Structure formats: structure tokens, C-alpha cells
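Asker: Let me see the structure of the following:
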Amino acid sequence: MNMKTILTGLGIGCALLLVFSAPGGTQSGRRQKESDPRRQKSRKYGSVRIRVRQVTPRGAVTGTPVPRERIPELSENFFRALNRLPESFISRSGLKYVTFVTALQLNNAPAAGVASGDTIYLAADCGAHTVYHELYHIFDPPGKNKQWLKLNARDFVYTGSVFYQERLSKFKRRKMSANLEDGRFKDDFVSRYAMSDEREDRAETFAAMIVEGEKFLRRTEKSPVLRKKMEYIIDATDRRSLLGKEFWIRNFRRDAER
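Answerer: Residues are numbered from 1 along each chain as shown. Purely as a prediction, here's the structure:
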């Protein structure tokens, strides 16, 4: 199944594939303008300005703010990742601040990133995948999502993580161990961490869809479950007028056009 067939199956007209593959436009012009080093500590998206704020994390989130001399480089990398997303998505995210942290931890366990209210804490060595992962957490409401859980195989059990240990019955613990040992479900998840919790699964899937582009589409050919998860993310971000299917068209064509 090729990329055009997959996108058409999602209800995306083939004509749009040509319209949105054209280079240039106002988006790229905005990116070039905002690469000015003088604007590295903040950047405006619509009516919202996102600021780099170096404060010491408190509570469950711990770590040390990175040295001041590293801020320009880290800020530029962060804003470059954000600029792959539509301005409207970023302005509606509720994100106001980002803080770069050395030895970032959540509940005493090492973390690449943590979303907390209107702030994202990022480990200094994290990549774009982590930025998108934490952004999705901001949109994703807490609690069980029955629609998402039904996408997984009936006998799959999330493992829990070092951040949030779930209390599993002995029966579920045995089933979970068997799931991991035989590797039956590995193609249904974008990473081992995605298997730990349903909210992490959604955030990991969203981030992989953006970072991997066409490569992600090829992964869905091996797993009907992962394909359904992709369709869920596309529908959720379209239904809330956050991204829209046009964004995913451009994103999934990105690697093919390089």
C-alpha cells in the first residue's frame, strides 16, 4: 500500500496532495525572520508569546537550570521544532514557558521532558521528538480513554512506568510479562515507552508521526493497530481544529520530497 492510497483512505482528497506539496509560502518566511538570534529567548505565535524561562523546578519535577551560555543554542533548537507546527496550534496549546534543565527528573526518575501546566521542562540533550511528545500531553485530558484502549489487542496490558507505577493484579502482571517476552505487539507501538501507559502511547505516537513523516506511514502497513492509532490522532487534531488533515499531508510527504 503506497502513501497516496493510505492518505486517500483517511478521507484526504488526492488533489490536496499536489496543492500542499508546493514549497515556500508565508510559513517559511516567518521561520526565516524569527531565526534572528536576538529573538531566541522568546517567540510570538499569533497573540501568544512563548518565553524561555530559567527557573528551578519544584515538587515532583527536579533538576538544575542549564548554564546561561547554553540558552541561545537550546532555544533555537526548541523554536525550530515548534516552527514545524502551524502557528494556530501553538497559540492554542496553552504553552507559555519552556525551561531547559540538567539532570531532569520526575518522581526521582530521569526524564527527557515534563509538561506541567503552561510550562514544558526539557532535558538539555533532548530532541524534537520530546518537544512534540510533551506538547501533546498539554492537549490530552487525564483519565482513561476507552476509545483508545479499544484500539489495542484485547489481551494487551500497559506495563506501567518508572514515573507512574500502576497497581496490576497478579493475572495482569503475568499477561504483561508474556506480552513483553514474546514481542507479539511490538509493531503496534512506536516505542517501548509507548507500551507503558495509554497517555504516553498517544504522545509517543503523535511525536513519531511528526518526526518520522513518510517512514511512519510505512510502519502502519505492518500493524492495523498502529494505523488505527494514527487515524485517531489525525481525527482528534482535526476535530478540535488544532492541526487539520492538510498539515498531515505536508508532514507525511516531507521525507519523500527531500
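
Asker: how close does Ile249 get to Arg80?
Answerer: 21 Å (C-beta to C-beta, to the nearest Å). C-betas here are computed from N, CA, C, even on glycine.

Asker: So for those two, which sits in the more crowded spot?
Answerer: Ile249 (21 against 14; other C-beta atoms under 10 Å).

Asker: Shouldn't that one be within a strand?
Answerer: No. Looking at Ile249 with DSSP: H, G, I helix; E, B strand; the rest coil, it is helix, so not inside a strand.

Asker: Would you agree Arg92 is in contact with Leu243?
Answerer: No. Using C-beta atoms under 8 Å, Arg92 makes no contact with Leu243, being 10.3 Å away.

Asker: Comparing these two, which shows the higher neighbour count?
Answerer: Counted by other C-beta under 10 Å, Arg92 and Leu243 do not tie: Leu243 has more neighbours, with 20 against 17.

Asker: Name the nearest residue to that one, ignoring sequence neighbours.
Answerer: If the residues on either side of it in the chain are set aside, Leu243 comes closest to Thr237, at 4.0 Å by C-beta to C-beta, 6 or more residues apart in numbering.

Asker: again with Leu135
Answerer: Nearest one to Leu135, counting by C-beta to C-beta, 6+ apart, is Ser93 at 6.1 Å.

Asker: Just the pLDDT at that neighbour, thanks.
Answerer: Looking at Ser93, its pLDDT is 85.

Asker: Equivalent analysis for the one 4 residues further on, please.
Answerer: Tyr97 carries a pLDDT value of 95.

Asker: Pull the contacting residues for it.
Answerer: Counting by C-beta atoms under 8 Å, 6 or more residues apart in numbering, Tyr97 makes contact with 50-53, 118-120.

Asker: Quick check: it vs Ser47, distance?
Answerer: Using C-beta to C-beta, we find Tyr97 at a distance of 16 Å from Ser47.

Asker: now for the contacts of Tyr97, which pair is the farthest apart?
Answerer: Distance extremes for those: the farthest pair is Val52 and Asp118 at 13.5 Å, using C-beta to C-beta.

Asker: Compare those two (neighbour count), which wins?
Answerer: Remark: of Val52 and Asp118, Val52 carries more neighbours, 18 against 12, as counted by other C-beta under 10 Å.

Asker: for the more buried one, phi and psi?
Answerer: phi -80, psi 120 (degrees, to the nearest 10).

Asker: okay but it is in contact with Thr99, surely?
Answerer: Yes. Using C-beta under 8 Å, Val52 is in contact with Thr99, at 7.5 Å.

Asker: Please enumerate the helices of the stretch 1-150 of the chain.
Answerer: Listed in chain order, the helices of the stretch 1-150 of the chain (DSSP state H, counting those that start in this stretch) span 3-9, 14-19, 26-33, 71-82, 87-91, 128-139, 146-149.

Asker: So which elements touch the last one?
Answerer: What it means is helix 146-149. The contact analysis (3 or more C-beta pairs under 8 Å, 6 or more residues apart in numbering; DSSP states H and E) places helix 146-149 against helix 198-212, helix 224-239.

Asker: in its sheet, what does the longest strand seen in the chain sit against?
Answerer: If you go by DSSP state E, the chain has its longest strand at strand 97-106. Strand pairing for strand 97-106, determined by DSSP bridges: strand 48-52 (parallel), strand 61-65 (antiparallel), strand 109-110 (antiparallel), strand 119-123 (parallel).

Asker: where's it relative to the chain centroid, distance-wise?
Answerer: The chain centre lies 17 Å from the centre of strand 97-106; the measure is C-alpha atoms, centre = their mean, to the nearest Å.
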